[in-house]
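*Asks:* Need coordinates for the below:
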Amino acid sequence: MTRPEAAESDTMRHQAGAPPDRSGDIATLVSVVERIRANVERVIEGKPDVVASAITVLLAEGHLLVEDVPGVGKTMLSKTLARSIDASVRRIQFTPDLLPSDVTGVSVFNQETRSFEFRPGGIFANLVVGDEINRASPKTQSALLECMEERQVTVDGTTYPLQAPFMVVATQNPVEMEGTYPLPEAQRDRFMARVSMGYPVEAAELAMLEHHTSADPLDDLEPVADAAEIRKLVGIVGGVYAAPAVQRYVVALTTATRASRELTLGASPRASLHLLRAAKARAAMAGRDYVLPDDVRDLAERVLAHRLLPSVEATMAGRGTSEVLRGLLAEVPVPEPGR
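*Replies:* Residues are numbered from 1 along each chain as shown. Below you'll find the predicted structure:
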């Protein structure tokens, strides 16, 4: 979008009853985000888009699924993001023998008080790193459903709230099938976005060999933000303005996935909500207090593709959900500025 178009969009934003200018809050958000981004990129070199996506999901109150082959830095990304924020962090190593109570917690009888006491599980933290989530049994995976959607845990009829901010960063290896359990659709739909690390470029891999062989890069990494700051940024993102035309564009995209003959499962209403929240976070990180259609388009594949299921015909033709989604993005009209 050109500068005059952006100015026109800004004018329309105020005429449509948008909240007052929040440039000060946005500037604060951009400053904190740059600190976090620079800190993470000290360890995760050559992957600025992946780092930006992780921060976007954090500010949009979502959960992130990092899916790629072994050894490309999936766990390192989640641990680096966790280390950059001075908040409670727990890591859950998912294995076939992991129990649901290991995740949510369990009530234990105290002989001294003659009563049951609740002992929190690994999910009770601001940032939870779930390593190799598809190695856990479906029963254990389902223990995350309530946690991720409602940000609470119910054990023995008692509900325990999870403290904000709350984010699950889960990793999985899509090429290894032995000893793994594919994530069900209900679980995948709770992840706001899916990213793939990909192999590093030659320069980034050489830099990794130089800096990561003598010491653990996380040892010298200090927090550059805290939980209170993140909560404030989440509130700022929630106040970013999305024009009715942009909201209609989000719904048009998700509706198109439900009507496509190349998909047997389209995007859910939750996906529409996640796409708009992520677009608000992206706009704020770009220094704007309003969402552009480009924010939605640029995030659509990462937010929607992992929720979709291709039809038999699309699979036989070698077309995955990402390819189908790109075709839909080309077909759905983009709203014009000022409308």
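*Asks:* On the three-state scheme, Ser107 is what?
*Replies:* strand (DSSP: H, G, I helix; E, B strand; the rest coil).
*Asks:* what is it paired to in the beta sheet?
*Replies:* Phe118 (DSSP bridges).
*Asks:* Can you give me the domain boundaries for the protein?
*Replies:* The record's domain parsing of the chain by automatic domain parsing lists 1-22+242-339, 23-238.
*Asks:* now the last one: how far from the chain's centre is it?
*Replies:* Distance of domain 23-238 from its chain centroid, counting by Cα atoms, centre = their mean, to the nearest Å, is 9 Å.
*Asks:* hang on, the earlier thing: Serialize the domains of the chain to JSON lines and add fields for mean neighbour count and mean pLDDT.
*Replies:* Yep, even glycine has a C-beta here, placed from its N, CA and C like the rest. As requested, those are exported to JSON lines (neighbours: other Cβ atoms under 10 Å; pLDDT from 0 to 100):
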{"stretch": "domain 1-22+242-339", "mean neighbour count": "18", "mean pLDDT": "85"}
{"stretch": "domain 23-238", "mean neighbour count": "17", "mean pLDDT": "88"}
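*Asks:* Kindly provide the distance from Arg37 to Val51.
*Replies:* 6 Å (Cβ to Cβ, to the nearest Å).
*Asks:* can you check Pro217 too?
*Replies:* For Pro217, the distance to Val51 - Cβ to Cβ - is 14 Å.
*Asks:* same question, Glu323
*Replies:* Distance from Glu323 to Val51, by Cβ to Cβ: 25 Å.
*Asks:* Repeat that for Asp97.
*Replies:* Separation of Asp97 from Val51 (Cβ to Cβ) stands at 33 Å.
*Asks:* In contact with Ile230, which residues?
*Replies:* 58-59, 85, 87, 126, 165 (Cβ atoms under 8 Å, 6 or more residues apart in numbering).
*Asks:* For Thr159, give the beta-bridge partners.
*Replies:* According to DSSP bridges, beta-bridge pairing links Thr159 with Thr154.
*Asks:* Revised request: answer the last question for Arg91.
*Replies:* Here Arg91, judged by DSSP bridges, has bridge partners Val129.
*Asks:* At which residues are the helices of the stretch 101-250 of the chain located?
*Replies:* Remark: helices assigned in the stretch 101-250 of the chain by DSSP state H, counting those that start in this stretch are 138-141, 143-150, 185-188, 202-211, 227-238, 244-259.
*Asks:* And those: which comes nearest Thr104?
*Replies:* Of all the helices of the stretch 101-250 of the chain, it is helix 143-150 that lies closest to Thr104, at 5.2 Å by Cβ to Cβ.
*Asks:* Give me the helices and strands touching the closest one, please.
*Replies:* helix 100-104, strand 152-155, strand 167-172, helix 185-188 (3 or more Cβ pairs under 8 Å, 6 or more residues apart in numbering; DSSP states H and E).
*Asks:* Make TSV from these and add distance to Arg288 to it.
*Replies:* Formatted as TSV, these follow (distance: least, Cβ to Cβ, whole Å):
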stretch	distance to Arg288
helix 100-104	38
strand 152-155	33
strand 167-172	23
helix 185-188	30
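*Asks:* now for the ones you listed, which one comes closest to Ala207?
*Replies:* strand 167-172 (22.5 Å).
*Asks:* So which residues of the chain form strands?
*Replies:* Under the criterion DSSP state E, the chain contains strands at 64-67, 85-86, 89-93, 105-110, 115-120, 127-131, 152-155, 158-161, 167-172, 193-195, 225-226, 263-265, 309-310.
*Asks:* want to throw the contacts of Ile230 into JSON lines with distance to Ala317?
*Replies:* Converted to JSON lines, those look like this (distance: Cβ to Cβ, whole Å):
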{"residue": "Leu58", "distance to Ala317": "37"}
{"residue": "Leu59", "distance to Ala317": "38"}
{"residue": "Ile85", "distance to Ala317": "44"}
{"residue": "Ala87", "distance to Ala317": "46"}
{"residue": "Asn126", "distance to Ala317": "44"}
{"residue": "Pro165", "distance to Ala317": "42"}
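*Asks:* Let me know the closest of these to Val334.
*Replies:* Leu59 (24.3 Å).
*Asks:* Now do the contacts for that closest one.
*Replies:* Contacts of Leu59 (Cβ under 8 Å, 6+ apart): 29, 33, 230, 233-234, 237, 281, 284-285.
*Asks:* Closest one of those to His211?
*Replies:* Among the contacts of Leu59, and counting by Cβ to Cβ, the member closest to His211 is Val33, at 23.6 Å.
*Asks:* Now do that closest one against Ser272, distance only.
*Replies:* 25 Å.
*Asks:* how close does Val246 get to Met167?
*Replies:* According to Cβ to Cβ, Val246 stands 25 Å off from Met167.
*Asks:* do the same with Phe118
*Replies:* Distance from Phe118 to Met167, by Cβ to Cβ: 23 Å.
*Asks:* got it, and Glu301?
*Replies:* Taken as Cβ to Cβ, the span from Glu301 to Met167 is 21 Å.
*Asks:* now Leu206
*Replies:* Taken as Cβ to Cβ, the span from Leu206 to Met167 is 32 Å.
*Asks:* Ok, Ala279 next?
*Replies:* 18 Å.
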